[in-house]
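>>> Next one to model:
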Amino acid sequence: MIIGAYEAMPYLVECLASVEAQTIDPGRIEVITVDDGSTDGTGEYLEEFAARAAMPVTVIRQENSGGPSGPRNVGLGKAAGRYVFFLDADDRLGPEALERMVAIGDRNGTDVVLGRIEGVNRGAPKSMWGRTLERTDVYSSNIKFTLSAQKLFRREFLTRHHMRFDESLWTGEDAVFTMEAYLRADGVSVVADHTCYYLVGRDDGKHVTKSGGYALRFDSARALMNLIAELVPPGERRDQLMLRPFLVTLLPQFGPQYAKDSEKVRRHKLELAQPLMDAHWNEGVAAQMKVGERLRLHLVARQRAELLLSVVEFVRAKKQPAALLERRGRRVYIAYPHFRDARAGVPDAVYLAGAREARAFPGYREGGTPSVLRRAVRRARRALRSSGSATPGGRAAAA
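Numbering: from 1, shown residues only. This next block holds a predicted model:
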């Protein structure tokens, strides 16, 4: 258990209480805490905890490093257990969390274990908790949408791949670390039927993910995209993973805040996005998005600042675009701004809804693409017509 802490009081009190309350044998828990230059009594409280805790606790006090990567790497260098779990000092574990996660990891021999996360006064990822998965991977589940560091990692696995947090990143460093672990892991397990971790919203707003300027988000997106491109060959699987940094990290930079940004900031955001779009944006990634998402990133890729601003303002106003059904309801276009505006020149395909999005519109008919069976029947009919026309009277010749 590695706990990096900076100015963590009073949240640290409940955090450590949740560690003490774990049902797994205390002798099996090794706690390594790193006080990253706190001035609010965090270091002193960690030492008090170490003096009374039933499990072995190491307290390391260091000058402030400026981010969570340094303390996590220090703790990782000291860890000696079979597994490593990164616990943030303002969050807390759920009851039985370690016991359940270690059990499923041992049962399946997996290198990474995810425990269900819930938010307290803040949001939390939800799409990956549909059911408990004994063994899965990053392509067969939605785990790519939870890339925080609060996972159970097999320590030997991290050591074998020389994995550490990137201390040059001020935000999103855990996303790069966790995605690399997903990609290199011999299986991932998911505990979905029991809350293992509580993400706690601080009243003072001192969350690393909420701090720092917008340029740091582009650094984070670049690092994650480059990692995916390095480890996954071009094709459907790479596109599937690229959706995450485009959707979660890059797109919010062109959300409602973009309309309130100065002209200078808007121009800078487009400049920062350009190399990322040139390198990694393609039809495979775009096809996975909803129309409003795809349209904004298409305009970012084309550097169409004047069109992008009007689309963002439309989204910011929470307006509902009209839908146009064509081909007897089998094709749905969602008419965001500039749809079929000849002067704008945005292709119709950008506005074409995928099946999941199209189902929300009355009159939509599934099956715009013929099924395999239907295509086979059509081929058979064409073959019969062809063989029949080659004989007198239009009948097929006898065998």
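>>> Averaged pLDDT, stretch 330-340. What do you get?
Throughout stretch 330-340, pLDDT has a mean value of 97.
>>> which other helices and strands contact whichever strand in the chain runs longest?
Taking DSSP state E as the criterion, the chain has its longest strand at strand 188-200. Applying 3 or more CB pairs under 8 Å, 6 or more residues apart in numbering; DSSP states H and E, we find strand 188-200 packed against helix 11-20, strand 92-93, helix 97-108, strand 112-120, strand 133-136. Where C-beta positions appear, they are placed from N, C-alpha and C, glycine not excepted.
>>> taking those together, which one is wrapped up most tightly?
strand 92-93 (a mean of 24; mean count of other CB atoms under 10 Å).
>>> returning to what we had before: mean confidence for the longest strand of the chain?
Strand 188-200 comes out at a mean pLDDT of 97.
>>> Which one, of the helices and strands packed on strand 188-200, ends up nearest to Arg266?
strand 112-120 (31.1 Å; CB to CB).
>>> Just want the angle from the closest one to helix 11-20.
130 degrees (axes from the mean of the first three to the mean of the last three CA atoms, to 10 degrees).
>>> How about residues contacting strand 112-120?
83, 94, 97, 100-102, 104-105, 124-125, 128-129, 143, 146, 148, 150-154, 157, 178, 181-182, 185, 187-201 (CB atoms under 8 Å, 6 or more residues apart in numbering).
>>> rewinding a little: quick check: buried residues in the longest strand of the chain?
188-191, 195-200 (16 or more other CB atoms under 10 Å).
>>> Just give me the closest of those to Ala301.
The shortest approach to Ala301 among the buried residues of strand 188-200 belongs to Val188, at 31.9 Å (CB to CB).
>>> That closest one against Asp111, yeah?
Yes. Counting by CB atoms under 8 Å, Asp111 is a contact partner of Val188 at 7.3 Å.
>>> residues near Gly292, how many?
By the measure other CB atoms under 10 Å, the count of residues near Gly292 is 16.
>>> pretty sure it contacts Pro337?
No. Gly292 lies out of contact with Pro337 (CB under 8 Å); the separation is 10.2 Å.
>>> how about Thr33, secondary structure?
Per DSSP: H, G, I helix; E, B strand; the rest coil, the secondary structure class of Thr33 is strand.
>>> any idea how far it lies from Val300?
Here the criterion is CB to CB, to the nearest Å. By it, Thr33 lies 42 Å from Val300.
>>> The two: which is more packed in?
The residue with more neighbours, out of Thr33 and Val300, is Thr33; 29 against 24, by other CB under 10 Å.
>>> quick one: contacts for that one?
2-5, 46, 49-50, 57-60, 75.
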